[in-house]
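> I'd like to go over a predicted model; first the sequence, then the structure.
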Amino acid sequence: MDNINKKACVVTFGCQQNEADSEKIKGVLASMGYDIIDGDMTADVSNKFGEFANPGDLGGCDVIIMNTCAVREHAELKAFSRTGQLKHYKNKNKDLLIGICGCMIEQEHVVEYIKNSFPYVDFIFGAREIHRLPEIINQALTSKKRILDKTECDGEVIVEDVPVLRDSQFEAKVPIMYGCDNFCSYCVVPHVRGRERSRNKDKILEEVCGLVSSGCKDITLLGQNVNSYKNPDPANPDYNFTDLLSDIIKIDGDYWVRFITSHPKDVPDRLITLMNENKKLANHFHLPVQAGSDRILKLMNRKYTREYYLDLVEKLRKNVEDIAITSDIIVGFPSETDEDFEDTLDIIEKAQFDNIFPFIYSKRKNTPAAEMEDIVPRKEKTDRFERLVKLQNEISVKKNKTYEGRTVKTLVESVYKKLYGGDKADKSDGGYLAGRTSTHKLVIFRGGIDLIGSFVNVKINEGRLHGLYGEICN
């Protein structure tokens, strides 16, 4: 295909797995000859470092692909809204190709909605069809017809060696498995991502070795439930996630390894011991609890109790020095009572999370929870959400205050364009940098841009709600 001077953009919604998929989509497009341009249509107000972000101008593109998320209704509505904004680009350039991919496309009702509501969308493809993108684009270009009938693919097959164009040279996301077998009653992931299937350990180790040798400093292993990883090689069927981590940290280099997400029911003692013994494993454990009520946990099909969860948190804190634990919480699950919600507040108080990612329950079609009677009024859900956030904010500030006076190893990620101590964007950058600790705390300090991508030691002067503020020390 003659794509000289052709430009393409991928707009990503959703989780880090979607971000990793988008890096593959960009890699495939680049291998086809497209120049990849940035276009952020996902930000409402600001990005993770407080920098103001407007929807990107995609007017110069020849291909625009929206990589979508189906986990929550808000993500779907945002993707549809942004897709609607693409109409005027199509009006200006009739040859522009617009595609939609990702988890939303795995739902038949969504595909029908796209067919009927967005006549300017040219093609769709699922998360397991990224390797087919050249074929799909070629078909769209040559046939001049819409490619909106999703191709069924072998759900057990993982296609390796797809080109990857990474967003960062020093931070990388490495999927080690796909899909999920847990079938939590509120979750659509097993229906859109398929059943659990793991990558071959040799392919993962080869990828991580390449990343470390190229200077990557922070590697995140991805999976809907990383603890369920099993090497698919029949010659070594007992090789598991802890074995994989043990082999990865043997690779020479100065780097951190993270992993998300872990299901509480599948955290082995051997993994906890390994985290304490080797500092290449980041001191951060994301452990979604979702609710603090045993009754709600049972309705969610989470397969553990609040007592089990709190015992696991205690074990982590006791056996891994200086560990940071974060979690996900769902507020307003169908039939949630005041007593159930108080149990959730109680587990937050007892677990003392460093941070949480709270969500108001979002009904997902074709999940068991969608058939449950939702008796909680919207205002009550919102009030509970605000109470939960207020409690966690108090705990987060207290946690961050414990860093004051300490010196922490920090990976410098970017220029920080928000004024030190202020709420207004500083367009001149002001000489401040943003980085992350092993515990995934945001660190703000003065420094030159030549430090980006390297480790520095920062003495923390002040801990605040959303981060740590300090100065570089020798």
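All right, it came through fine. This structure is a prediction, so every number in the text was calculated from the model and none was measured.
> which stretches of the stretch 1-150 of the chain form strands?
7-12, 35-36, 63-68, 97-102, 123-125 (DSSP state E, counting those that start in this stretch).
> most packed of those?
Across these, averaging neighbours per residue (mean count of other CB atoms under 10 Å) puts strand 63-68 on top, at a mean of 26. Glycine gets a C-beta too; all of them are placed from N, C-alpha and C.
> starting from that strand, tell me which strands it pairs with and how they run.
strand 7-12 (parallel), strand 97-102 (parallel) (DSSP bridges).
> now these as a markdown table including distance to Gly126?
Compiled in a markdown table, the strands paired with strand 63-68 are given as follows (distance: least, CB to CB, whole Å):
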| stretch | distance to Gly126 |
| --- | --- |
| strand 7-12 | 15 |
| strand 97-102 | 7 |
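> looking at those strands, which is nearest to Tyr186?
Shortest distance between Tyr186 and the strands paired with strand 63-68, using CB to CB, is found for strand 97-102: 19.4 Å.
> okay, now the unreliable bits of the stretch 101-250 of the chain?
Residue ranges of the stretch 101-250 of the chain with pLDDT under 70: 150-155.
> how about the helices in the stretch 101-250 of the chain?
Secondary structure of the stretch 101-250 of the chain, counting by DSSP state H, counting those that start in this stretch: helices at 108-117, 133-143, 189-193, 201-213, 241-248.
> compare the ones you listed and report which one is nearest to Asp450.
That would be, of the helices of the stretch 101-250 of the chain and by CB to CB, helix 201-213, which comes in at 21.5 Å.
> and the angle for the closest one with helix 241-248?
40 degrees (axes from the mean of the first three to the mean of the last three CA atoms, to 10 degrees).
> outside of helix 201-213, which residues touch it?
160, 172, 174, 176, 219, 221, 231, 233, 236, 239, 243-244, 247-248, 251-253, 255 (CB atoms under 8 Å, 6 or more residues apart in numbering).
> export it as CSV, just CAs?
Only the C-alpha atoms of helix 201-213 are listed here, as CSV (Å, rounded to 0.1, in the frame of the first residue of the first chain):
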residue,chain,number,x,y,z
LYS,A,201,6.6,-17.6,29.0
ASP,A,202,9.5,-17.5,26.5
LYS,A,203,7.7,-14.9,24.5
ILE,A,204,7.1,-12.8,27.6
LEU,A,205,10.7,-13.1,28.8
GLU,A,206,12.0,-12.3,25.3
GLU,A,207,9.8,-9.1,25.2
VAL,A,208,10.9,-8.0,28.7
CYS,A,209,14.6,-8.7,27.9
GLY,A,210,14.3,-6.5,24.9
LEU,A,211,12.7,-3.7,26.9
VAL,A,212,15.3,-3.8,29.6
SER,A,213,18.2,-3.8,27.1
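> buried residues in it?
By neighbour count with 16 or more other CB atoms under 10 Å, helix 201-213 contains the buried residues 201, 204, 207-208, 211-212.
> so how far is it off the chain centroid?
Averaging C-alpha positions (CA atoms, centre = their mean, to the nearest Å) puts helix 201-213 21 Å from its chain's average.
> quick one, strands of the stretch 251-400 of the chain?
Under DSSP E, counting those that start in this stretch, the stretch 251-400 of the chain gives strands at 256-260, 284-286, 324-331, 355-360.
> those strands: which one's closest to Gly84?
Nearest of the strands of the stretch 251-400 of the chain to Gly84, taken as CB to CB: strand 355-360 at 24.0 Å.
> what angle sits between the closest one and strand 324-331?
10 degrees.
> so what's the model's average confidence on strand 355-360?
Average pLDDT, strand 355-360: 96.
> kindly report the same for stretch 378-387.
96.
> and that stretch, which residues are buried?
381, 384-385.
> need the contact list for Val188.
Going by CB under 8 Å, 6+ apart, Val188 touches 70-71, 103, 107, 364-367.
> same check, this time on Tyr309
Taking CB under 8 Å, 6+ apart, we find Tyr309 in contact with 264, 287, 289, 347, 351.
> now the helices for the stretch 301-450 of the chain?
Secondary structure of the stretch 301-450 of the chain (DSSP H, counting those that start in this stretch): helices at 306-319, 338-351, 378-401.
> for these, give me TSV that also has distance to Gly447.
Formatted as TSV, those follow (distance: least, CB to CB, whole Å):
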stretch	distance to Gly447
helix 306-319	32
helix 338-351	34
helix 378-401	20
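> winner for burial among these?
Comparing these by mean count of other CB under 10 Å gives helix 338-351 as most buried, with a mean of 18.
> distance of the residue lying closest to Ile272 once chain neighbours are set aside from Asn283?
Nearest residue to Ile272 in three dimensions, chain neighbours excluded: Asn319, at 5.1 Å (CB to CB, 6 or more residues apart in numbering). Going from Asn319 to Asn283 by CB to CB, to the nearest Å gives 12 Å.
> could you do Arg446 as well?
With CB to CB as the criterion, Arg446 and Asn283 are 25 Å apart.
> the more surrounded of those two?
More crowded of Arg446 and Asn283, by other CB atoms under 10 Å: Asn283, with 19 against 13.
> list the contacts of that one.
275, 320-324, 438-439 are the contacts of Asn283 under CB under 8 Å, 6+ apart.
> let's go with 6 Å and repeat that
Residues near Asn283 by CB atoms under 6 Å, 6 or more residues apart in numbering: 322-323, 438-439.
> next one: Thr337
Contacts of Thr337 (CB under 6 Å, 6+ apart): none.
> against Met300, how distant is it?
Taking CB to CB, one finds Thr337 at 15 Å from Met300.
> check Glu135 too.
Going from Glu135 to Met300 by CB to CB gives 40 Å.
> nearest to Val376, of the strands paired with strand 63-68?
Closest among these, using CB to CB: strand 97-102, at 29.5 Å.
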